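Asker: give the three-dimensional model of this entry:
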Amino acid sequence: MSYKDREIYLGGQIRADYNTSYEVGRRVALGENTYREMKRIFLDRKVPVYRKLQVYYACVATKVIYGLETLTIHYNEERYCAFANV
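Answerer: All right, here's what the predicted structure looks like:
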């Protein structure tokens with residue numbers, strides 16, 4: 001049997017040293033990437049603000065939040081998520 005110090009399982013990275021900072025940064029980066037892909041929708045003046053918020057919470061915020069509820073997040077990582085507007 002081989003040993004790995006990190007593995008992607010169910011969309012989240014599990015590490016042997018239980019360090020969660022990489023996973024938090026990875027999730028925020030996934031959210032930023034999704035936002036960039038949908039930037040055209042967010043900048044369109046014909047789309048009402050409430051619809052933009054629905055798209056944001058359905059596509060961007062869920063990408064960041066998924067899987068983080070099971071992690072032990074430290075204060076600095078929590079501030080990083082707050083900085084990313086999640």
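Asker: so where is the chain shaky, pLDDT-wise?
Answerer: For the chain, the stretches flagged by pLDDT under 70 are 1, 3-4, 6-7, 9-19, 67, 69-86.
Asker: all helices of it, in order?
Answerer: Under the criterion DSSP state H, helices of the chain are mapped to 21-37, 39-43, 49-55, 62-65, 75-83.
Asker: okay if I get the ones you listed as JSON lines plus distance to Ile8 and mean neighbour count?
Answerer: Heads up, the C-betas are built off the backbone N, CA and C, glycines and all. Converted to JSON lines, the helices of the chain look like this (distance: least, CB to CB, whole Å; neighbours: other CB atoms under 10 Å):
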{"stretch": "helix 21-37", "distance to Ile8": "10", "mean neighbour count": "16"}
{"stretch": "helix 39-43", "distance to Ile8": "27", "mean neighbour count": "11"}
{"stretch": "helix 49-55", "distance to Ile8": "27", "mean neighbour count": "11"}
{"stretch": "helix 62-65", "distance to Ile8": "15", "mean neighbour count": "17"}
{"stretch": "helix 75-83", "distance to Ile8": "19", "mean neighbour count": "12"}
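Asker: show residues contacting stretch 29-41.
Answerer: With contact meaning CB atoms under 8 Å, 6 or more residues apart in numbering, stretch 29-41 is reached by 42, 47, 52, 55-56, 59-61, 63-64, 84, 86.
Asker: can you do 6 Å?
Answerer: Residues outside stretch 29-41 that contact it (CB atoms under 6 Å, 6 or more residues apart in numbering): 55, 59-60, 63-64.
Asker: quick check: Tyr35 vs Val28, distance?
Answerer: According to CB to CB, to the nearest Å, Tyr35 and Val28 sit 10 Å apart.
Asker: kindly report the same for Ile65.
Answerer: With distances taken as CB to CB, Ile65 is found 11 Å from Val28.
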